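Chemist: show me how the following folds:
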Amino acid sequence: AYNERTGERSNDMAFGRAVLRHRPHGVAAVLGPFNFPGHLPNGHIVPAMLAGDTVVFKPSEEAPLTGQLMVECLLEAGVPDGVVNLVQGGKDVGAALLDQKIDALMFTGSGAAGAHFRKKFADDPHVILALELGGNNPLVVWDVADAEAAATHVVQSAFITSGQRCSCARRLIVPNGPQGDTVIEAVAQLSDRLSFGPWNGNAEVYGGPLISAHAAQKALADLQARIDMGGKVIRASGNIDGLSAAFVKPAIIDVTGVAVPDEEIFAPFLSVIRVASFEDALAAANDTRYGLSAGLISDDVSLWDRFITTIRAGVVNFNRPTTGAAGDMPFGGLGASGNHRPSAYYAADYCTYPVASFEAESVKNIASEIKGLN
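Modeler: Here you go, the predicted structure:
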């Protein structure tokens, strides 16, 4: 991607040639998330190194060891000293890092943190921002004959990694009436079969804990607030017997007609919205300030043609979970989900800046180009 989207090229002109080059920004601060604590920061670090930037990497304080091991591996592999630098700590350390004279900030995390960084650097256009943020992602299920098959995609979209992916489906949009009821029931029954437990237990499990007991407590409180607003419980959440307080059950609530907050709950919780028409489904899907991922499950390909041209999101899938994304494609969103600088294949775009040149081999008299000479 770096060679295709950046690199160098030239065009011969009458006077010489036009040359395009790309240069690194300089020092890039990379703030990593707790989920995918190796993969996601590497999505910034590796392209930055390829471009010639140096990196100061602060892992999430909730998953520090992965970042440490990753930097140790880079150094062992031969990355020169000073190219990738590790700092550990909490928000105060991150804030201190961003107060330094950096040239770029590459961040993966919450929409609220991303909004803070936008404001912080609003008057400093020198600092390039690449923000990968959360999403209140919609998944529309419409005109599907096999409700159980559709449910497998919904469950994988909403509950995989215990809902701790920015691309997880948070809102399930279905038709009013029997068709929607059948899909919801199939999702609920499949969610009942999901097993949760520690990674080092004796049995294979579907999901593990949330990142901390505190995160679980906050997620459950946010869920209860939506229920108090009028959300109808289809499947209740809560802690899981015999496991730590960081484990929570998947939840499904119906929020049709309820003005719930347009916020992401980073947990295995799914809100159901029933609508009267596919046009209403499209409107409901776009009724969010986020724009990371979205999906359509349908037997009708013509609906996909309408969906893909209408939905505002950076990752839009058809008959696949919303969490699926190819590494050789761009990954990112718009609105509160990012700043139009997706990573993966497009990472080269924000790790360099272009330099355009006119060049000639010798100094020639260009008096003929100077108009109006006496």
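
Chemist: quick one: the helices in the stretch 101-250 of the chain?
Modeler: In the stretch 101-250 of the chain, the segments counted as helices under DSSP state H, counting those that start in this stretch are 111-120, 147-159, 178-192, 213-228.

Chemist: okay if I get these as a markdown table plus distance to residue 267 and mean neighbour count?
Modeler: In this view, the C-beta of every residue, glycine as well, is placed from N, C-alpha and C. Listed next are these as a markdown table, based on distance: least, C-beta to C-beta, whole Å; neighbours: other C-beta atoms under 10 Å:
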| stretch | distance to residue 267 | mean neighbour count |
| --- | --- | --- |
| helix 111-120 | 16 | 16 |
| helix 147-159 | 9 | 22 |
| helix 178-192 | 13 | 18 |
| helix 213-228 | 4 | 16 |
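
Chemist: so which of these comes closest to residue 130?
Modeler: Among these, the nearest to residue 130 by C-beta to C-beta is helix 111-120 (10.2 Å).

Chemist: domains in this protein, by residue range?
Modeler: 2-133+338-359, 137-318 (automatic domain parsing).

Chemist: may I see these organised as a markdown table, with mean pLDDT and distance to residue 369 added?
Modeler: Formatted as a markdown table, the domains of the chain follow (pLDDT from 0 to 100; distance: least, C-beta to C-beta, whole Å):
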| stretch | mean pLDDT | distance to residue 369 |
| --- | --- | --- |
| domain 2-133+338-359 | 94 | 9 |
| domain 137-318 | 97 | 45 |
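
Chemist: the nearest residue to residue 11 once chain neighbours are set aside bridge partners, please.
Modeler: Spatial nearest neighbour of residue 11, excluding adjacent residues (C-beta to C-beta, 6 or more residues apart in numbering): residue 18 at 4.8 Å. Beta-bridge pairing for residue 18 (DSSP bridges): residue 11, residue 358.

Chemist: give me the number of residues near residue 18?
Modeler: 14 (other C-beta atoms under 10 Å).

Chemist: contacting residues for it?
Modeler: Each residue near residue 18 by C-beta atoms under 8 Å, 6 or more residues apart in numbering is listed here: 10-11, 356-359.

Chemist: burial measure for residue 210, as a count.
Modeler: Number of residues near residue 210 (other C-beta under 10 Å) recorded here: 27.

Chemist: pretty sure it is touching residue 269, no?
Modeler: No: the criterion here is C-beta atoms under 8 Å, and residue 210 misses it with residue 269 at 10.9 Å.

Chemist: can you say which of the domains of the chain is nearest to residue 325?
Modeler: domain 137-318 (5.5 Å).

Chemist: let's have the domains of the chain in a markdown table, adding distance to residue 329.
Modeler: A markdown table is the format used below for the domains of the chain (distance: least, C-beta to C-beta, whole Å):
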| stretch | distance to residue 329 |
| --- | --- |
| domain 2-133+338-359 | 6 |
| domain 137-318 | 8 |
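
Chemist: those domains: which one's closest to residue 366?
Modeler: domain 2-133+338-359 (8.1 Å).

Chemist: quote the end-to-end distance of the closest one.
Modeler: Domain 2-133+338-359 has an end-to-end distance of 24 Å (criterion: C-alpha to C-alpha, to the nearest Å).

Chemist: just put the helices of the stretch 101-250 of the chain in TSV and tack on distance to residue 327.
Modeler: Formatted as TSV, the helices of the stretch 101-250 of the chain follow (distance: least, C-beta to C-beta, whole Å):
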stretch	distance to residue 327
helix 111-120	22
helix 147-159	18
helix 178-192	28
helix 213-228	27
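
Chemist: quick one: closest of the ones you listed to residue 103.
Modeler: helix 111-120 (14.5 Å).

Chemist: which residues does that closest one contact?
Modeler: Contact partners of helix 111-120, identified using C-beta under 8 Å, 6+ apart, comprise 98, 105, 107, 129, 131, 133-134, 264, 290, 336-339.

Chemist: next one: stretch 234-241
Modeler: 184, 188, 191-192, 196, 216, 220, 223, 245, 247-254, 267-269, 272.

Chemist: got the CA coordinates for that stretch in PDB?
Modeler: C-alpha atoms of stretch 234-241 as PDB (Å, rounded to 0.1, in the frame of the first residue of the first chain):
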ATOM      1  CA  ILE A 234     -36.000  -9.600  25.600                       C
ATOM      2  CA  ARG A 235     -32.900 -11.100  27.200                       C
ATOM      3  CA  ALA A 236     -31.600  -9.700  30.500                       C
ATOM      4  CA  SER A 237     -27.900  -9.200  31.200                       C
ATOM      5  CA  GLY A 238     -26.200  -9.400  34.600                       C
ATOM      6  CA  ASN A 239     -23.100 -11.000  36.000                       C
ATOM      7  CA  ILE A 240     -22.500 -14.700  35.400                       C
ATOM      8  CA  ASP A 241     -22.700 -17.100  38.300                       C
END
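
Chemist: what do residue 210 and residue 269 both touch?
Modeler: Taking C-beta under 8 Å, 6+ apart as the criterion, residue 210 and residue 269 both touch residue 219.

Chemist: in contact with residue 5, which residues?
Modeler: Taking C-beta under 8 Å, 6+ apart, one finds 345-346, 348-349 in contact with residue 5.

Chemist: ok, 6 Å please
Modeler: Contacts for residue 5 (C-beta atoms under 6 Å, 6 or more residues apart in numbering) come out as residue 348.

Chemist: quick check: it vs residue 20, distance?
Modeler: 11 Å (C-beta to C-beta, to the nearest Å).

Chemist: with residue 269 instead?
Modeler: 48 Å.

Chemist: looking at these two, which one has more neighbours?
Modeler: Ranked by neighbour count (other C-beta under 10 Å), residue 269 and residue 20 place residue 269 first, with 25 against 14.
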